[in-house]
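Asker: Take this sequence and fold it.
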Amino acid sequence: MAPTIVPNAEEVDKQLAVEFSDEIGDAIAHMEVGLGGVRSGGADPLEALNELRRTVLNLVTQGRGLDLPLINLTLHQLYDYLMPLSTLGDRQVRDVEIHLEKLTDIREGRITEASNSAAELVRELPIKSGFDVDFGDITPENIQILVIVPEKAMSHIIEREMAACGIRTTNLRNPFQAFEMAHRIKPDMIIASRELTADVNGIDLACAFAAMETTREIPFGLLSSYDWGHAALNGLPQRAALLKKGASFGEDLAEALQRYNIF
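Answerer: Residues are numbered from 1 along each chain as shown. Below you'll find the model as predicted:
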């Protein structure tokens, strides 16, 4: 009897990556058909949007265990873009198509980690547009903010303020994912809530980012209802900006962006 050849872990990973890449190709074709239906008027925009979300979420979930950083980053950005939308208009259809074009370029080797850094890639993607206010023709700025805020309502407010200025945002609810994301996309600023999880809070993140060589120069803003001097803010680096929840949030945010020469 011939011996059974057991593939090593590297071979298994390569095979999984190939299969996942093929699945992404099929998913892109499926999504392009749906977008075409919306553009022609033959598909209901809301139904098409929900199908896009399901398809992209499935890919995001599958890709988490694979070492495909550019693909996983682009999928995360696409899902992040889709979440605030209430429908698909002409602009949103085109924006999604741009994300799909980037995914195709990555799959087919036209975009690689050697030729395009993750920081460049995210800044080439469309800014979010799923808000109930018409901001008119917004000129996208070459600015990327990493937002770690578990509360959906507050996250939406921050996104809206940023979008009004043409600033791109990447949203995370899991603080442990923030370290890899910050390392990859090199954001112009990081904003995190004071309250995150039972184990990690925003001050922990501020201290960790300040201690790491690759992130210590990135401006950090803490979102909190407390004032400077409160015991709940003990340990927050003095260089950090304090963004108060409530009516002063927009003003605090604008001041922080100006203080760090971001906008």
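Asker: Quick one: distance of the lengthiest helix in the chain to the chain centre.
Answerer: Counting residues, the longest helix in the chain under DSSP state H turns out to be helix 9-40. In terms of CA atoms, centre = their mean, to the nearest Å, the centre of helix 9-40 is found 20 Å from the chain centre.
Asker: residues contacting residue 219?
Answerer: For residue 219, the contact set (CB atoms under 8 Å, 6 or more residues apart in numbering) comprises 188-190, 239, 241, 256, 260, 262. C-betas here are computed from N, CA, C, even on glycine.
Asker: buried set for stretch 251-261?
Answerer: For stretch 251-261, the buried set under the neighbour-count rule, 16 or more other CB atoms under 10 Å, comprises 252-253, 256-257, 260.
Asker: outside of that stretch, which residues touch it?
Answerer: Contact partners of stretch 251-261, identified using CB under 8 Å, 6+ apart, comprise 158, 161, 165, 188-189, 219, 221, 241-244, 262-263.
Asker: downstream neighbour of the one helix or strand residue 96 maps to in the secondary structure list?
Answerer: Using DSSP states H and E, residue 96 sits within helix 90-107. Helices and strands here follow DSSP H and E; after helix 90-107, the next one along the chain is helix 118-123.
Asker: How about exporting that next one as CSV, limited to the C-alpha atoms?
Answerer: Output of helix 118-123 as CSV, limited to C-alpha atoms (Å, rounded to 0.1, in the frame of the first residue of the first chain):
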residue,chain,number,x,y,z
ALA,A,118,-2.6,49.2,2.5
ALA,A,119,-2.4,52.9,3.5
GLU,A,120,-2.5,53.9,-0.2
LEU,A,121,-5.2,51.4,-1.0
VAL,A,122,-7.7,52.7,1.6
ARG,A,123,-7.2,56.3,0.5
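Asker: on contacts alone, who are the packing partners of the host helix or strand of residue 209?
Answerer: If you go by DSSP H and E, residue 209 is part of helix 202-211. With contacts defined as 3 or more CB pairs under 8 Å, 6 or more residues apart in numbering; DSSP states H and E, the packing partners of helix 202-211 are helix 178-185, strand 189-193, strand 220-224.
Asker: can you redo the ones you listed as JSON lines with mean pLDDT, distance to residue 98 and mean neighbour count?
Answerer: Output for the helices and strands packed on helix 202-211, formatted as JSON lines (pLDDT from 0 to 100; distance: least, CB to CB, whole Å; neighbours: other CB atoms under 10 Å):
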{"stretch": "helix 178-185", "mean pLDDT": "92", "distance to residue 98": "17", "mean neighbour count": "19"}
{"stretch": "strand 189-193", "mean pLDDT": "96", "distance to residue 98": "24", "mean neighbour count": "25"}
{"stretch": "strand 220-224", "mean pLDDT": "96", "distance to residue 98": "28", "mean neighbour count": "24"}
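Asker: Take those and lay them out in CSV including distance to residue 143.
Answerer: As requested, the helices and strands packed on helix 202-211 are exported to CSV (distance: least, CB to CB, whole Å):
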stretch, distance to residue 143
helix 178-185, 12
strand 189-193, 8
strand 220-224, 14
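Asker: These: which one's closest to residue 151?
Answerer: The minimum distance between residue 151 and these falls on strand 189-193, with 6.9 Å, by CB to CB.
Asker: hmm, who's touching that closest one?
Answerer: Strand 189-193 is contacted from outside by 145-151, 154, 158, 175, 178, 182, 202, 205-206, 209, 215, 218-224, 243, 256-257, 260, 262, using CB under 8 Å, 6+ apart.
Asker: Then stretch 52-62?
Answerer: 20, 23-24, 27, 30-31, 34, 72, 75-76, 78-79, 82-83, 88, 96.
Asker: State the pair within these that is farthest apart.
Answerer: Greatest spatial distance in the contacts of stretch 52-62: 20 and 88, 26.0 Å, computed using CB to CB.
Asker: neighbour-wise, which of these two wins?
Answerer: Taking other CB atoms under 10 Å, residue 20 and residue 88 do not tie; residue 88 has more neighbours (24 against 19).
Asker: quick one: the more buried one and residue 129, what's the gap?
Answerer: Using CB to CB, to the nearest Å, one gets 10 Å for the distance from residue 88 to residue 129.
Asker: Understood, closing this out.
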